[in-house]
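Engineer: coords please:
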Amino acid sequence: MLVNHSFAFLLLFQQALITDEFQQTGRTHQNLILNLPALSKSKDSIILISAHYDAVPGCPGADDNATGVAVLLELARSIAEHPLKYPVQCVAFDLEEYGFIGSQHYAQRLKQQNKLIRLMLSLEMLGYCNSNPNSQLYPPGLKYFYPNSGDYIALIGNLKTIPDLINMSRGIRQTKTPCEWLPVPNRGMMVPDTRRSDHVPFWDLGYSAIMVTDTANLRNPHYHKSTDTLETLDLDFLTGVCQGLIVGLRRV
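Structural biologist: Numbering: from 1, shown residues only. The predicted structure follows:
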């Protein structure tokens, strides 16, 4: 139902989509943008929610990143019906898999425009869940502080997002979806695995940004493989993540 509602919303609002074009290796690529108004006009900064819509060659991309796009569409539908305190931009980025090229282009454009961003969210692989013991891997040192089962959604943010990490994780847990969060200093340079999605250009430009993720290959054995298909996903978990994010965003 989540996907059906989301694509119905996209068809309804396709006239409102804005394209942000950029060039790469002689070809024109597009980021797709939908602007949603705030509950009132008192806020100048925006909440930017994103997911990349490209996939690596030979990979169906069910988790990476059709799950992110589906949740992005459903969040847009929910926010359009019940606005947040802040204006929202929903952005589908291209060429994430080639070095965050689409998001880097757009982040630099926003910086040049002196656009204020209250918070940026990058939705990066949201649908793989494994509740078996020792199904979750970690970068060195982190396994002593987090569960060894891969049955939670992770929020990874730079240090200035700590209040948002706390509030959003509490909101997500209200929907009975397990959630863990990790703040990282120095733009994530000390833990390279935290620098693997479209939040990175925003970190590098000093914006508050959070990656929402099922932790990719640290949990999902189908990462960047031909087996990354719908059948491998836990759609109940994905729906819970989406519902949790809706609650969490309303706490920002």
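
Engineer: and L75, what is it in contact with?
Structural biologist: The contact partners of L75, by C-beta atoms under 8 Å, 6 or more residues apart in numbering, come to I49, C90, C242, L245, I246, L249. For the C-beta atoms, the positions are set from N, CA and C on the backbone; glycine is no exception.

Engineer: Strands - which of the residues you listed land there?
Structural biologist: Of the positions in the contacts of L75, I49, C90 sit in strands, assigned by DSSP state E.

Engineer: Make a markdown table out of the contacts of L75 and add distance to N130 and neighbour count.
Structural biologist: A markdown table is the format used below for the contacts of L75 (distance: C-beta to C-beta, whole Å; neighbours: other C-beta atoms under 10 Å):
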| residue | distance to N130 | neighbour count |
| --- | --- | --- |
| I49 | 26 | 25 |
| C90 | 29 | 25 |
| C242 | 19 | 25 |
| L245 | 20 | 28 |
| I246 | 24 | 20 |
| L249 | 26 | 24 |
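
Engineer: With respect to A80, which of the contacts of L75 is nearest?
Structural biologist: Among the contacts of L75, C90 lies closest to A80 (C-beta to C-beta), at 9.3 Å.

Engineer: So the closest one sits against I49, correct?
Structural biologist: Yes - between C90 and I49 a contact is recorded at 5.3 Å, counting by C-beta atoms under 8 Å.

Engineer: got any residues that touch both of these two?
Structural biologist: L72, L75, A76.

Engineer: Tabulate those (CSV), appending secondary structure.
Structural biologist: Below are the shared contacts of C90 and I49 laid out as CSV (DSSP: H, G, I helix; E, B strand; the rest coil):
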residue, secondary structure
L72, helix
L75, helix
A76, helix
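
Engineer: closest to Y86 among these?
Structural biologist: Nearest member of the shared contacts of C90 and I49 to Y86, counting by C-beta to C-beta, is L75, at 13.4 Å.

Engineer: And the closest one, how far from I246?
Structural biologist: 6 Å (C-beta to C-beta, to the nearest Å).
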